[in-house]
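Undergrad: Could you work out the structure for the sequence below:
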Amino acid sequence: MKAIINATILCPVNGVIKNGTVLFNSQIKAIGKYVEVPSGTKTIDAEGKYIVPGFIDAHTHQGLFDGSIGWAGMDGNEMTRPVTPEMRGIDSFNPNEPSLKEVLFGGVTCLNTGPGSGNVISGEAFVIKPNGASTVDEMIVLSPSGLKVAFGENPKRIHGAAARTPSTRMGVASLLRKTLADARSYKMKAQAYLEKAEEAKKKGEAPPLDPPPRDLGLETVIQVLNKKIPIHAHAHRADDIATVIRIAKEFDIRVVLIHCTEGHKIAKIIAKSKFPAVIGPTMFWTSKPETRERGFRTAVELNEEGVKVALQTDSLTPMNYFPLLPMNVIKEGMSKEDALKCVTINPAEMLSIDDRVGSLEPGKDADIVIWSGDPFDFYSKVEQVFIDGKNVPLKK
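TA: Model prediction:
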């Protein structure tokens, strides 16, 4: 058992606790101003320091693109076909990818990663903890966390250049619709076969000999149709965001809007859809026409309309600079309380992992970061990181 005492605790659920204590082992046991610390407990005096739940980056490609070795490390986009739902990002993840060393210095203890946006449907995303393990299997929090799909310039440019669909935005939308419709038909055929097999079993007969051949990609899409996982929909332009919402309504599926660069233009429509938005990356150059209006005001305006907002690096911003994201939305007018939610409980809820992480509450994983000062102060530094209650060394 461990206890951090005399700290200023920032929690999106419990608020600010002065001179507070967190008691934990692999999970948080107690938190508050008056917590009884059992004898024999290893105690860390954090007077003058801040305790914060580990930050969560809701959209990255960490571990799938190793730019330090060029082509050999580019494992995040299987761009040989425009629709590849059978791809699983977990199979490309490299626990030794160099940028993973930067994660803890940004106070990040959980991140959603997976395939890129080269295809209309790229494959399964997943959530990990950067705990220093030697295999991805030891890092997993949730797999899959969603199915990555992409709208706009990326898929139409890549596949259009190869003279195949999609070469337009309507081509992108048509392929997504077709795949969802195919999965619905596949599901009906599978259900019909199972009903026949069950009926044969009751009669003491052999099962029918015509089971539908397995399709791993459509099986993944069926998880979307069954609302077990959402689509993580890459969309920058307002019209692309509107198309995501339109298709989601047609098929009654869950959505997490990724990037949402022009979301401020249709903030009320997004709010009405009830779909959350992961805003960013914002701290980078205008890489293509659809990112011209990137800015931190988008997160502020969507939050003001009642949209659940999270912030992301997209792995384009080094993750040791992750705290600059909430700092900048505060600078643009968001409250500190809401900015903290954007990097803790909001992404946890979007990723369906809020039963484990995203706040400091009894029963949740002990993912705790000790800061030298207020984490939203530019000069504050991460001093210690605990993941599942274990102190993870900060290594450059």
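Undergrad: would you list every one of the helices in the stretch 51-200 of the chain?
TA: 153-160, 169-202 (DSSP state H, counting those that start in this stretch).
Undergrad: For the very next helix or strand once past the last one, name the packing helices and strands.
TA: Read that as helix 169-202. Note on helix 169-202: by DSSP states H and E, the next helix or strand toward the C-terminus is helix 216-225. Contacts defined by 3 or more CB pairs under 8 Å, 6 or more residues apart in numbering; DSSP states H and E place helix 216-225 against strand 121-128, strand 140-150, helix 169-202. The way it works is simple: take the backbone N, C-alpha and C, and place the C-beta from them, glycine included.
Undergrad: Grab the CA positions of helix 216-225 and hand them over as PDB.
TA: Extracted C-alpha coordinates of helix 216-225, given in PDB (Å, rounded to 0.1, in the frame of the first residue of the first chain):
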ATOM      1  CA  LEU A 216     -13.100 -11.300 -40.500                       C
ATOM      2  CA  GLY A 217     -13.600  -7.700 -41.800                       C
ATOM      3  CA  LEU A 218     -17.400  -7.900 -41.800                       C
ATOM      4  CA  GLU A 219     -17.300  -9.500 -38.300                       C
ATOM      5  CA  THR A 220     -15.600  -6.400 -37.100                       C
ATOM      6  CA  VAL A 221     -18.200  -4.200 -38.800                       C
ATOM      7  CA  ILE A 222     -20.900  -6.200 -37.200                       C
ATOM      8  CA  GLN A 223     -19.500  -5.000 -33.800                       C
ATOM      9  CA  VAL A 224     -20.200  -1.500 -35.100                       C
ATOM     10  CA  LEU A 225     -23.700  -2.400 -36.100                       C
END
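Undergrad: How much space separates the residue nearest the centre of the chain from Met188?
TA: By CA atoms, centre = their mean, the chain has its centre lying nearest to Ala58, at 2.9 Å. Remark: distance between Ala58 and Met188 (CB to CB, to the nearest Å) = 33 Å.
Undergrad: same question, Lys228
TA: 17 Å.
Undergrad: Domain boundaries for this protein, per the record?
TA: Annotated domains of the chain cover 1-53+358-396, 55-357 [automatic domain parsing].
Undergrad: want to throw those into TSV with mean pLDDT?
TA: Shown next, in TSV, are these (pLDDT from 0 to 100):
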stretch	mean pLDDT
domain 1-53+358-396	97
domain 55-357	96
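Undergrad: Deepest-packed of these, please.
TA: Ranked by mean neighbour count, the domains of the chain are led by domain 55-357 with a mean of 20 (mean count of other CB atoms under 10 Å).
Undergrad: now that one, how far from the chain's geometric center?
TA: Centre-to-centre, domain 55-357 and its host chain are 7 Å apart (CA atoms, centre = their mean, to the nearest Å).
Undergrad: Just the CA atoms of stretch 351-361, as PDB, please.
TA: The C-alpha atoms that make up stretch 351-361 are tabulated as PDB, following Å, rounded to 0.1, in the frame of the first residue of the first chain:
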ATOM      1  CA  LEU A 351     -13.400   5.300 -25.200                       C
ATOM      2  CA  SER A 352     -15.600   3.300 -22.700                       C
ATOM      3  CA  ILE A 353     -12.800   3.000 -20.200                       C
ATOM      4  CA  ASP A 354     -14.200   5.400 -17.600                       C
ATOM      5  CA  ASP A 355     -14.900   2.500 -15.200                       C
ATOM      6  CA  ARG A 356     -11.100   2.200 -14.800                       C
ATOM      7  CA  VAL A 357      -9.500   5.500 -15.600                       C
ATOM      8  CA  GLY A 358     -10.100   9.300 -16.100                       C
ATOM      9  CA  SER A 359     -10.600  10.300 -12.500                       C
ATOM     10  CA  LEU A 360      -9.200   9.700  -9.000                       C
ATOM     11  CA  GLU A 361     -11.900   7.600  -7.300                       C
END
